[in-house]
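Student: Show me how the following folds:
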Amino acid sequence: DPDTELEKLKKSQVEHRFDLQHGPCFLGVLVKVSDQRYCFIITGHHIICDGWSFSILLSELSTIYSALIKNVPFQFPPSYQFSDHALKEVT
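Tutor: Have a look, this model is predicted:
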């Protein structure tokens, strides 16, 4: 059963122990469940994944996916660094 196998894979990804010294600290696995169904599993160590950062990642993945489906080029907004935010808060 593909769904059972998918659940096993998701469980193994959740239980993955990240090596903070050697990495990677972030994993992505694309699974073809059927001809029309895929599952993209994203796992990251909590030290690099917080709710704010994860929402940005999902937004960017959504942008890429939508552009690929529509066969149009995609472009991200200019990069925004944490230091930009920190400087903004200080001034």
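
Student: Pull the residues that contact stretch 16-36.
Tutor: 2-3, 6, 9, 13, 38-45, 47-49 (CB atoms under 8 Å, 6 or more residues apart in numbering). No exception for glycine: its C-beta is placed from N, CA and C like everyone else's.

Student: Same check on stretch 66-84?
Tutor: By CB under 8 Å, 6+ apart, stretch 66-84 touches 60, 63-64.

Student: switch to 6 Å and redo it
Tutor: 63-64 (CB atoms under 6 Å, 6 or more residues apart in numbering).

Student: Using CSV, write out every CA atom in it.
Tutor: The C-alpha coordinates for stretch 66-84 follow below in CSV (Å, rounded to 0.1, in the frame of the first residue of the first chain):
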residue,chain,number,x,y,z
SER,A,66,3.1,27.7,-9.5
ALA,A,67,5.5,29.0,-12.1
LEU,A,68,6.6,25.6,-13.2
ILE,A,69,3.0,24.4,-13.5
LYS,A,70,2.2,27.5,-15.6
ASN,A,71,5.4,27.2,-17.5
VAL,A,72,6.4,30.8,-16.7
PRO,A,73,9.6,32.2,-15.3
PHE,A,74,9.7,33.0,-11.6
GLN,A,75,11.6,35.6,-9.8
PHE,A,76,12.0,36.1,-6.0
PRO,A,77,11.9,39.4,-4.4
PRO,A,78,15.3,40.9,-3.4
SER,A,79,16.9,38.9,-0.6
TYR,A,80,16.3,40.0,2.9
GLN,A,81,18.9,39.2,5.5
PHE,A,82,18.5,39.0,9.3
SER,A,83,21.0,41.8,9.6
ASP,A,84,18.6,44.0,7.6
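
Student: what comes up buried for the host helix or strand of residue 5?
Tutor: Here residue 5 sits within helix 2-14, counting by DSSP states H and E. When burial is assessed from 16 or more other CB atoms under 10 Å, helix 2-14 yields no buried residues.
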